[in-house]
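Q: only geometry, no sequence info:
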């Protein structure tokens, strides 16, 4: 289990993390989403032991991460900009990782060779960005981690390789109980793999729930009001409303049944609940935090 | 596979050595050239087996004295290599994500860097031993001392480079900071001393050396060197004639203990580097100064250095031509200091902020720098520390060196208490005459020679007090001397004349009645024949006694402050060399022979060194060097007369 409590980090007077708190259940895949500059990467660097917090706690399985070599041996991380030694090949980096991670599995490394069709003797700097990302996954998964921390992990991978990588990660979660925290802007993809989601903004985690809870907490309805009602009644607590012809699409922060009961007062001709995507949840949750898409005409 | 050792990671160690192999391999190759050159030299000369063990040891020790200079660069490169990961957010991210504590990371990187530093020395050392054995000579003690010295110096340099590496987070700043740390003490010494010289009357020290030990490369180079002991042996040429040869019998590495002292300092610096690492923030990668509390030190330190260095540069560029006298004009210097200080302050701020936008809200810091510049100038201008007025008490003095009137004298309280008091009184009189000296200095017309005013001349006076506490007080004055003041008892002119022309000082000039110095020989060059002679100790003693007789007869030793030139002296270069007991100290005095020195001339003739034909004056021998220039009332050169003795009354053309 990953637990971050009231985490504060400042850089030269700028507060990057302002009391961030999150909790990742063991064996879950946790998607960390948020706008640019929300503090996701900074939080991840605390989880991997790169940064030391100014205040708060960062614990994995009840232990502080900072300078905890035994704990860090159970964490594998793939940062957005993975570093490798300039002259090194994948094989060189494998030897390097093997010297640090006690559970590094040479057997798994050999098996993954069949998945990632990469020349392990070729210098990594000569590989494309997507191939370098594959190499990072190859090595990270060979470390047999109990915690996998991923920052924009599939950025640069082709669609087939994305699926391949996620299937490997999810297999690890299923078979070994690996806890995964993944930060990404690709909400469509996170929706497919995450079971928990946390939304960050301005250095804080605004909310975190299981995906199911998140979807239960917000509803998207398509409504056709009776003749004479052209506009959505002002008293309805609508987060967002749009209209095509007579069909109004309303997004409201409540359960589907509660929303339908509320709309029943206006004798609608049609009320139909439609599933919300994670992207919509993200947009409308942050809309409340003054992060809505602005209708700006240039 | 992780090492079982608690604080060492073999994988990282191997990785560092394999990653940076070109660095240590190239250095090893360069190092291997040294023994190879020795070997080739031996083969070329055909003297294999003829080089003795002490000669090899001397070669080793000579190499040791070069190690500080080599390590200054090479150890820094090794440190830069192993700590380079600290200077990029990506690489620091990888290294600090690894399951390894910082202590272990530090220890492993430190060991690998030190190994890289030592590999070229090991290669060179092994080859040197092979060459020594090939040459048939081997000195185990010399080799052991060399190995220890190289180890100690390399450790110190690598530790200091490591310390510098942890102060910064920027790969370009690291070598600059490292060099600054190594030379800051001598740089500040020189800067402050040379700056103070321009303000304080008589302050002449351009470099005191009091903090030289803080600049290890300079200190080690000056103090750790090979010194040999030689034995005189008589050898015979093929034709049966003999000659004296000197055989090297023993070589010591002087001040070897200093290497140990610096190695201990290296341990302290390494420990400090570890402390800095433990508290280092990974996010400082890229910062010029990575340690928070050092940032203001850097900002104001750079501003101060720039003010001192740049201020003097700007002054010499823009104002030196307008300067009156030998001392700085205070107001223009303050302006230059302020300008350079402000440039330094904003330059440092920009480096720290990694931005050019540092002006907003910076007035307080800038004000502090400017106030500091004004304060320093005021302190020096008004001599608030009373540096100019300092004359050490007699009880504080171990010895005084006085250099004036083409001679130097060393006085000690034990042997010369009266002369020493006379010297102190002279110094006090010079200080009291500061206003007079400055006034004449300011009004001096450098376009005219002193012949324009036959009643005024100038002389240099250097006084160096060596104090009992090991420090030195050095003053230098360029004193105007007038005929009028020479006759006024309390003036420095009078006291200086009394001092230099006293019988006691004349005797001292010749080391007469001096048990310490013994004549060992000398030299004589006869200009008329262009021939020179090396004098033995007997000839030297005889000449010294003859000069002594001339001294007592009043024919030698009276210094003429207003002497125009040396044209009336004989064209002879006579010098006597002296040595203290057991070779402790050497001295050499030049004796100008003039026609009044009948005893000396007779002695030289008696020894067969000169004949009557050689006794010509310089004016007679070199008339073109003694042109008499007569100036008209406006100071323009009017007439030039060659070879005329004394001043000539010639009407302007």
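A: Noted; the coordinates are in hand. For clarity, every value in this text was computed on a predicted model and none was experimentally measured. Numbers count the residues shown, from 1 in each chain, chains lettered A, B, ... in the order given.

Q: Only C-alpha atoms from now on, for both contacts and neighbour counts.
A: Will do.

Q: Need the phi and psi values for residue A:258.
A: With angles defined as degrees, to the nearest 10, residue A:258 shows backbone torsions of phi -60, psi -40.

Q: likewise the one 10 residues further on?
A: According to degrees, to the nearest 10, the main-chain angles of residue A:268 amount to phi -70, psi 150.

Q: What residues does it make contact with?
A: By C-alpha atoms under 8 Å, 6 or more residues apart in numbering or on different chains, residue A:268 lies in contact with A:223, A:224, A:225, A:226.

Q: Let's see which of those end up in strands.
A: Cross-referencing those against strands under DSSP state E gives A:223, A:224.

Q: filter the contacts of residue A:268 down to the ones close to chain B.
A: When C-alpha under 8 Å from any C-alpha of the partner chain is applied, no member of those is adjacent to chain B.

Q: Now which of the contacts of residue A:268 would you call buried?
A: A:223, A:224, A:225 (16 or more other C-alpha atoms under 10 Å in any protein chain shown).

Q: pretty sure residue B:493 is touching residue B:499, no?
A: No - contact criterion C-alpha atoms under 8 Å: residue B:493 and residue B:499 do not qualify, at 9.9 Å.

Q: Between those two, which is the more surrounded one?
A: For residue B:493 and residue B:499, the more surrounded residue by other C-alpha atoms under 10 Å in any protein chain shown is residue B:493, and the numbers stand at 26 against 17.

Q: Can you give me the pLDDT of that one?
A: Note on residue B:493: pLDDT of 93.

Q: Give the closest residue to it in space, chain neighbours not counted.
A: residue B:486 (5.0 Å; C-alpha to C-alpha, 6 or more residues apart in numbering or on different chains).

Q: Neighbours of the one you found, how many?
A: Neighbours around residue B:486, by other C-alpha under 10 Å: 18.

Q: Which pLDDT value goes with it?
A: 89.

Q: who's in contact with it?
A: Neighbouring residues of residue B:486 by C-alpha under 8 Å, 6+ apart: B:493, B:494, B:497.

Q: Report the secondary structure state of residue A:23.
A: strand (DSSP: H, G, I helix; E, B strand; the rest coil).

Q: Just read off the phi/psi values of the residue lying closest to it once chain neighbours are set aside.
A: Sequence neighbours aside, residue A:3 is the residue nearest to residue A:23 in space, at 4.6 Å (criterion: C-alpha to C-alpha, 6+ apart). Main-chain torsions, residue A:3, degrees, to the nearest 10: phi -130, psi 120.

Q: number of nearby residues for the closest residue to chain B within the stretch 151-298 of chain A?
A: The stretch 151-298 of chain A approaches chain B most closely through residue A:151 (12.6 Å), counting by C-alpha to the nearest C-alpha. For residue A:151, the neighbour count with other C-alpha under 10 Å is 22.

Q: What's opposite it in the beta bridge?
A: Residues in a beta bridge with residue A:151, per DSSP bridges, are residue A:183.

Q: Now find how far off-centre stretch B:64-73 is within its chain.
A: Relative to the centre of its chain, stretch B:64-73 is centred 19 Å away, using C-alpha atoms, centre = their mean, to the nearest Å.

Q: How about the residues of the stretch 1-150 of chain A by chain B?
A: A:45, A:48-52, A:67-73, A:77, A:81-84, A:87, A:96, A:98-102.

Q: Now do the buried residues in stretch B:165-182.
A: B:165-171, B:173-175, B:177-179, B:181-182.

Q: Among the residues you listed, name the ones in helices.
A: Residues of the buried residues of stretch B:165-182 located in helices (DSSP state H): B:165, B:166, B:167, B:173, B:174, B:175, B:177, B:178, B:179, B:181, B:182.

Q: Where does the record place the domain boundaries for chain B?
A: B:10-284, B:294-370, B:394-500, B:510-621, B:623-653 (automatic domain parsing).

Q: Could you tell me which other helices and strands the helix or strand hosting residue B:72 packs against?
A: Assigned by DSSP states H and E, residue B:72 belongs to helix B:53-82. For helix B:53-82, the elements it packs on are helix B:102-135, helix B:140-167, helix B:173-197, helix B:216-223, strand B:226-236, strand B:242-253, judged by 3 or more C-alpha pairs under 8 Å, 6 or more residues apart in numbering or on different chains; DSSP states H and E.

Q: Would you map the helices across the stretch 101-250 of chain A?
A: Using DSSP state H, counting those that start in this stretch, the helices of the stretch 101-250 of chain A run over A:106-112, A:129-142, A:159-176, A:187-193, A:211-216.

Q: what would those helices look like in JSON lines with mean pLDDT?
A: Shown next, in JSON lines, are the helices of the stretch 101-250 of chain A (pLDDT from 0 to 100):
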{"stretch": "helix A:106-112", "mean pLDDT": "95"}
{"stretch": "helix A:129-142", "mean pLDDT": "95"}
{"stretch": "helix A:159-176", "mean pLDDT": "93"}
{"stretch": "helix A:187-193", "mean pLDDT": "84"}
{"stretch": "helix A:211-216", "mean pLDDT": "78"}
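
Q: between those helices, which gets nearest to residue B:623?
A: Nearest of the helices of the stretch 101-250 of chain A to residue B:623, taken as C-alpha to C-alpha: helix A:129-142 at 86.7 Å.

Q: what's that closest one packed up against?
A: Here helix A:129-142 touches strand A:75-78, helix A:90-98, helix A:106-112, going by 3+ C-alpha pairs under 8 Å, 6+ apart.

Q: How about the secondary structure of residue B:461?
A: strand.

Q: so who does the residue of the stretch 201-350 of chain B found nearest chain A touch?
A: Of all residues in the stretch 201-350 of chain B, residue B:282 sits closest to chain A, at 6.1 Å by C-alpha to the nearest C-alpha. Contact partners of residue B:282, counting by C-alpha under 8 Å, 6+ apart, are A:50, A:51, B:86, B:89, B:92, B:93.

Q: what's the answer for residue A:66, then?
A: Residue A:66 neighbours (C-alpha under 8 Å, 6+ apart): A:46, A:49, A:50, A:52.
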